[in-house]
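# model the following, please.
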Amino acid sequence: MSGHLPVLLAEVLETLAPRDGGTYCDGTFGGGGYAGAILEAARCTLYAIDRDPDAIARGAALAARHPGRLHLVEGRFGDMLVLLQGRGVTTLDGVVLDLGVSSFQLDEAERGFSFRADGPLDMRMEKAGKSAADLVNTLSESELVEMLFKLGEERHARRIARALVAARREAPITTTGRLASIIRSVTPRDPSGIDRATRSFQALRLAVNDELGEVERGLAAAAALLAPGGRLVVVAFHSLEDRIVKRFMAGAAGRGSGASRHDPASLGRGQARASFRLVTPRALRPGAAETDTNPRARSGRLRAIERLALQDAA
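Next comes the predicted model:
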């Protein structure tokens with residue numbers, strides 16, 4: 001689909017290994033890049049979940065090309081268990097998750113995800129709930145500091161929070177352009193060349209959409225649905241998300257704690273912690289050819305686990 005280049009596509013397909021007759025879930029449909037490739041690779045059934053109503057609407061054309069095989073589901077992938085069980089699906093042969101914001105969301109100024117073009121300060125993936133503007137204009141200075149530091153890993157969090165509180169006293173901060181300008185006015189240039197507003201925008205987006213909590217819930221739900229031999233394939237771009245995925249998969253394979261604060265019992269019952277094996281002992285990264293074509297791919301990391309048959313579980 002135009003405007004969207006799925007990252008590590010060949011590696012995702014090779015790792016997921018879709019087969020004829022199988023049932024799969026793309027928990028982050030987005031631009032449909034992975035979904036379309038999976039449907040072309042095997043005569044399988046695919047359930048595609050996305051919390052963004054625009055993504056679901058875009059998927060209608062792909063569903064028409066694969067009648068009866070692609071089922072679009074509007075909702076959060078963290079609710080995968082309930083969403084799919086409500087459709088009679090209790091086991092899956094594979095799940096793929098492409099974490100973070102989609103190219104479509106970044107490229108549409110009116111969605112307010114990016115500072116590259118001025119637009120309303122929104123960032124809501126499902127167009128509901130509190131927006132980024134709501135957080136910027138209502139959180140206390142200390143709450144802003146905590147959000148920027150924890151979710152954006154922004155070392156200038158205190159300086160930025162102080163500037164935001166001062167600026168909103170003059171007038172509410174309602175556009176991406178004004179927010180970026182305020183941040184740039186109080187922070188030094190980054191030696192890496194990264195825009196000074198990047199980390200703050202990242203923190204806001206993660207907070208608005210509870211993305212880290214969603215990752216934890218989604219991993220637990222996907223693991224619960226996998227049949228023996230089924231694989232969970234995750235592509236992460238943000239270090240905090242990748243850390244959650246790495247920890248979860250290591251725990252699922254019996255190599256560390258996989259507990260989630262959202263579902264402490266997940267993978268903790270009986271022998272569940274040893275019911276998976278690591279398909280990727282180390283994360284797969286995009287090659288130079290891909291990053292040259294698609295610079296957004298640079299930070300991508302692919303990790304995967306496979307549910308073992310009962311007799312193989314430790």
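# and the helices in the protein?
Here the chain has its helices, by DSSP state H, at 9-16, 33-41, 53-58, 60-65, 80-85, 103-107, 132-138, 141-152, 157-170, 176-186, 198-209, 211-225, 239-252, 288-293.
# of all the ones you listed, which one comes closest to Gly94?
Closest of the helices of the chain to Gly94 is helix 9-16, at 4.9 Å (criterion: Cβ to Cβ). In this view, the C-beta of every residue, glycine as well, is placed from N, C-alpha and C.
# so which elements touch the closest one?
Applying 3 or more Cβ pairs under 8 Å, 6 or more residues apart in numbering; DSSP states H and E, we find helix 9-16 packed against helix 33-41, strand 92-98, strand 226-236, strand 301-307.
# quick check: which of the helices of the chain is nearest to Phe276?
Comparing the helices of the chain by Cβ to Cβ, helix 239-252 comes nearest, at 4.1 Å.
# what packs against the closest one?
helix 211-225, strand 226-236, strand 276-278, strand 301-307.
# pLDDT (mean, whole number) over it?
For helix 239-252, mean pLDDT rounds to 96.
# same check on stretch 77-95?
96.
# so can I have a markdown table of the helices of the chain showing mean neighbour count and distance to His71?
Output for these, formatted as a markdown table (neighbours: other Cβ atoms under 10 Å; distance: least, Cβ to Cβ, whole Å):
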| stretch | mean neighbour count | distance to His71 |
| --- | --- | --- |
| helix 9-16 | 19 | 17 |
| helix 33-41 | 21 | 10 |
| helix 53-58 | 17 | 11 |
| helix 60-65 | 13 | 8 |
| helix 80-85 | 18 | 9 |
| helix 103-107 | 18 | 21 |
| helix 132-138 | 19 | 32 |
| helix 141-152 | 18 | 33 |
| helix 157-170 | 17 | 42 |
| helix 176-186 | 19 | 35 |
| helix 198-209 | 23 | 23 |
| helix 211-225 | 23 | 15 |
| helix 239-252 | 21 | 25 |
| helix 288-293 | 12 | 30 |
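# least reliable of the ones you listed going by mean pLDDT?
For the helices of the chain, mean pLDDT drops lowest on helix 103-107, to a mean of 53.
# tell me the most buried of the helices and strands packed on helix 9-16?
Among those, strand 92-98 has the highest mean neighbour count (mean count of other Cβ atoms under 10 Å), at a mean of 26.
# which neighbours does it have in its sheet, and in what orientation?
strand 23-26 (parallel), strand 226-236 (parallel) (DSSP bridges).
# among the helices of the chain, which comes closest to Ser299?
Using Cβ to Cβ, the nearest of the helices of the chain to Ser299 is helix 239-252, at 8.2 Å.
# pretty sure Asn294 contacts Pro6?
No: look at Asn294 against Pro6 with Cβ atoms under 8 Å: they stay out of range, at 9.1 Å.
# okay, the two: which has more neighbours?
Pro6 (24 against 15; other Cβ atoms under 10 Å).
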